[in-house]
Structures are given as C-alpha cells and as structure tokens.
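Peer 1: Have a look at this prediction, sequence included:
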Amino acid sequence: MPRTKIVAGNWKMNLDRAKAKDLAAAVAARRGEAAKVELVLCPPALYVETVGSALAGAKSDVRLGAQNMHDKASGAFTGEVAPPMLVDMGCGYVILGHSERRTLFGETDAAVNTKTKAALAAGLVPIVCVGETLEEREAGRTAAVVTAQVTGSLAGLSPGELEKVVVAYEPVWAIGTGKVATPEQAQEVHALVRGLLAGLSSPEVAARVRIQYGGSVKPDNAADLARQPDIDGALVGGASLKADDFLGIAKAFA
Ligand code: 13P
C-alpha cells in the first residue's frame, strides 16, 4: 500500500480571525486540485473553531490540526489546552515538538514523548517534529541529533501507535530562512528516520509511517522534494498562509 501523502499548513501565530476564515474557505474551495493528498490546516488554537466551521461549511475533507497541546486531559494548568479539548473542537491532528517549541519554550524529547502518547490516547494524530540546527549540521552531527530526537520523542509506543504518527523532518536552518534542504539532503535524513522507526517497531510498520519535510517549502521546490522515495508530504509554514502557494505545494505531492 503506498503511503497517502500529507501536506499540513502550520500557520504559527499569524493571521486574524477574518483572514483565517477566508484562507480556510479558499483552501476548501480548491481542495480538488490535490484530491489524493491529505490536507491539514493548523491555525492558532484560538481560531481552531473558526477554521473548523469554515471547513465544515464548505463540506470539505480538509482536516483540522493544532500547533501544540498540554499532555494532561484536564486540570490546573493555566493557559494550556488539553488534548480532549482539541478533539472536542474537531481537531484530528496536533503538531508536537516543533523546533520553535523546543528552542523558545524548552520542550525536551521527554516532554514531546509524553505529549505524543497523550495525543494518541486522545485519538489525535501527532505530527512529531525533529531536525538539526546549522551548527549541528556543520559539525557533522545531523544523524546523531535526529536519532536522539526520534528515539526519544517516540520511545515506548506500540507498533499500532507508531504507525499512526506522522514525523516531520524540519532542519532548523531551513525554517523561515528561504534556504530549503536539497532533495538529496532531505532524502538522506528521511531514510535515516525510516530506519530508526524500523528499529523501534518493524520494517513493515516503518514502511507505513508518513515522514514530511518542512523548511522553506514553496511551490517551486516542492516537486523535487516530492520525487524522493521517503518524502511523504510537507509541513509548510510561510507558504501555507497563501491558498495559491499551499495548493501549489499540495499539487506537487498529488
Ligand atoms: P517555513 O515553511 O516558513 O520555513 O516554516 C516551516 C515550519 O516551521 C513548518 O512547521
């Protein structure tokens, strides 16, 4: 069974409510341009309902995701959002361990691991992000860093859980910089990740896991990435804020 391609838009802390609604409606209207690709929109948490309503109103199968969550189902955690709340609002996915969460908010592999298990327990598909910094790449440490992140973030998952996870390889030096990894650089790490997943479960399970590339993906570089055997989609930041660009990337994976 070929892996269903998955292209997700990480809107980060951008847009306002009206723009979020318009963007969701525009993506839903043109979803047919990349019919076979699973599409996911991850707006800021506060706009999840707005985007969910826009997608539902358009009777669209474009899916809804969040950018982060707490690992507990409820309790005294001021300012946090619980996994069941995301499900309640129609989310099917949640981005976890994004490099901005790791570097700016101190999320460790252990924390990402706890959240990944909590997301799966709640019925969410975790999109677990990994990736090296420029300094780490230049020091020849890419494989070591990604290995530690993948094995740490996905430790203790059953094969059945692991195959539901989406892994996003996002080299930190490519995020928001316009400096995309070459298809060969990305493929090399994607193959490494798939090997690690096989080690955590089995080659059969690893063959079913979708691995997205993220970091300055644009319509004009997506096709070359999409041709790589272990690149199963994209996690898109800046370009996901324009329906044209987001659909253009999705089409490259169709
Ligand atoms: P850019 O596409 O803006 O480089 O962001 C990538 C990213 O961080 C997606 O999660």
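Peer 2: Thanks, I have the structure now. Keep in mind that this is a model prediction, so the values were computed, not measured.
Peer 1: Now do the buried residues in stretch 113-126.
Peer 2: By 16 or more other CB atoms under 10 Å, the buried positions in stretch 113-126 come out as 113-120, 122, 124-126. Every C-beta, even on glycine, is put in place using the N, C-alpha and C of the backbone.
Peer 1: and which of those is nearest to Met85?
Peer 2: Ala122 (9.2 Å; CB to CB).
Peer 1: I'd like the distance between the nearest residue to the closest one once chain neighbours are set aside and the ligand.
Peer 2: Among residues not flanking Ala122 along the chain, Pro83 sits closest, at 3.5 Å (CB to CB, 6 or more residues apart in numbering). The gap separating Pro83 from the ligand is 20 Å, by CB to the nearest ligand atom, to the nearest Å.
Peer 1: Quick check, pLDDT for Pro83.
Peer 2: We have a pLDDT of 98 for Pro83.
Peer 1: Likewise for Ala24?
Peer 2: Looking at Ala24, its pLDDT reads 98.
Peer 1: what about Ala119, which SS state?
Peer 2: helix (DSSP: H, G, I helix; E, B strand; the rest coil).
Peer 1: residues contacting it?
Peer 2: Residues near Ala119 by CB atoms under 8 Å, 6 or more residues apart in numbering: 69, 83, 94, 96, 125-126.
Peer 1: tell me the contacts of the residue lying closest to it once chain neighbours are set aside?
Peer 2: In space, and not counting its chain neighbours, Ala119 is closest to Pro126: 4.2 Å by CB to CB, 6+ apart. Applying CB under 8 Å, 6+ apart to Pro126 gives the contacts 93-94, 96, 115-116, 119-120, 164-166.
Peer 1: most remote residue from this protein's center?
Peer 2: Ala76 (27.9 Å; CA atoms, centre = their mean).
Peer 1: Read off the pLDDT value for the closest residue to Ala155 other than its chain neighbours.
Peer 2: Spatial nearest neighbour of Ala155, excluding adjacent residues (CB to CB, 6+ apart): Asn113 at 5.5 Å. Listed pLDDT for Asn113 reads 99.
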